[in-house]
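> just need the structure, nothing else, for what follows:
(one chain, ligands or ions: 1)
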Amino acid sequence: MSFSPATSYKIRYAPGIWEKMCVSVGAFDPEHYAILGGRLDDPFYVTDFMPMPPLLDSGGNYRSSSAAVTLNGPFIEYYLNTCLLPFGKYFLGVMHSHPGGMNSLSGGTPGSGHGDIPSMRAHLEAAARYGEPWHNFIAPIVNYPGPSPQVTTWVVRLDTPRPILAEAIWEISHQAPDVGATSVSKIDEILDLVRYRPDLVRALLQKSDVLKAFLRRRNARNEDESGHVLQQILKRRVQTNKAATQPEIMPSTENAGMIIPPFF
Ligand SMILES: [Zn+2]
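Have a look, this model is predicted:
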C-alpha cells in the first residue's frame, strides 16, 4: 500500500516496552504475540505490554506455527480484568511476529475472523457491540526476531478498508541509570562512607527495608523529595550520634548525598 503522510498515525510506546519486546516476541521464533494496553482517551499511546503464551491444543502444545498463532482468549480476558480495566485501561491491540520479512498484516476472507485483518476487524466489531469506544487496533508486526528485531506498526480501523501504516515512537526512560563512570564514582563514594562511618552504614542497612517502605510512602517517584526525606533522617541520626559520643564525623549533608543510591 502507499503511505500518505496526510493520514499518518503516530503510535507511541512507553519507556521499557522496546526492551520487553526484545526479550519476548522479538526473541522467539515466529509466531508469537503480546497484548498492548493503554487508555482509550489516549488511544495511540501504548503503556502496557504483556507477552502471552498461545492457546494450547488438546495435546498441551502451543497453537503456534510459522504461519499463524492462536491468541489465548481466557488469558487475555484475565489480563484485561486484572491489569487493565482496574487501572482505567483497555486493550489497544496485539503485537505479533511474522516469518522472514513479511511485515504487512495478512488478509483473509472478510468476516471469517481468520487472517490478521479479518480477526482484528472482528475484535473491533465486538468492542463496538459492547459499546466500548475502541476504534484503533494497534497491530505491530515483528520481523527477524533475534538480536536485531524489526517492528512495523499498523493501525486497523473499521472505517478504513486497509491497515494504516503508522510511525512508531519508542520512548526512552528518563530514569535509566547511567551505567558508565557515574556508577563507578558512586561506588567510590559508598566505599568512602563505609570507611568513615561504618556504624552509620551498618545501622542504615539493618533498617533499609523500613527506610525503603517509608520513602516509598512519602512518594518514591519524586527522587528529590525522597532524597530530602533521607537527608532529614540521616541528619537526625548523625546529630543523635554526635550528642551521644562526639565522634569525628563528616558533615551530615555530604553523607546524605552519598548514601542515596544504594537504597533505590
Ligand atoms: Zn499475522
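
> when you work out contacts or count neighbours from here on, use the C-alpha atoms and nothing else.
Noted.

> how about the strands in the chain?
Using DSSP state E, the strands of the chain run over 9-13, 33-38, 45-46, 48-52, 90-97, 137-143, 150-156, 164-170.

> quick check, pLDDT for residue 214.
What the model reports as pLDDT for residue 214 is 61.

> let me redo that: residue 257
According to the prediction, residue 257 has pLDDT 33.

> mean neighbour count, the strands of the chain: which tops it?
Among the strands of the chain, ranked by average contacts under mean count of other CA atoms under 10 Å, first place goes to strand 137-143 (a mean of 27).

> average model confidence for that strand?
What strand 137-143 shows for mean pLDDT is 97.

> now it against strand 164-170, angle please.
With axes from the mean of the first three to the mean of the last three CA atoms, to 10 degrees defining the directions, strand 137-143 sits at 70 degrees from strand 164-170.

> what's strand 137-143 packed up against?
strand 90-97, strand 150-156 (3 or more CA pairs under 8 Å, 6 or more residues apart in numbering; DSSP states H and E).

> same list (those) but as TSV, adding mean pLDDT.
Output for the helices and strands packed on strand 137-143, formatted as TSV (pLDDT from 0 to 100):
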stretch	mean pLDDT
strand 90-97	96
strand 150-156	97
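
> out of the ones you listed, flag the one nearest residue 125.
With CA to CA as the criterion, residue 125 lies closest to strand 150-156 of those, at 11.5 Å.

> ok, residues contacting the closest one?
9, 11, 26, 103-105, 117, 120-121, 136-144, 162-168 (CA atoms under 8 Å, 6 or more residues apart in numbering).

> and for stretch 46-53?
11-14, 17, 20, 24-25, 32-39, 62, 71-72, 75, 92.

> let's see it at 7 Å
Stretch 46-53 has contacts (CA atoms under 7 Å, 6 or more residues apart in numbering) with 12-14, 17, 24-25, 33-38, 72.

> as a whole number, average confidence for that stretch?
95.

> now swap in stretch 161-179 and tell me
82.

> offset the numbering so it begins at 28, please.
Done: numbering now begins at 28, and the last item shifts to stretch 188-206.

> state the distance from the nearest residue to residue 72 once chain neighbours are set aside to residue 70.
Distance criterion CA to CA, 6 or more residues apart in numbering; nearest residue to residue 72, sequence neighbours excluded, is residue 39 at 4.8 Å. Noted for residue 39: a distance of 10 Å to residue 70, by CA to CA, to the nearest Å.
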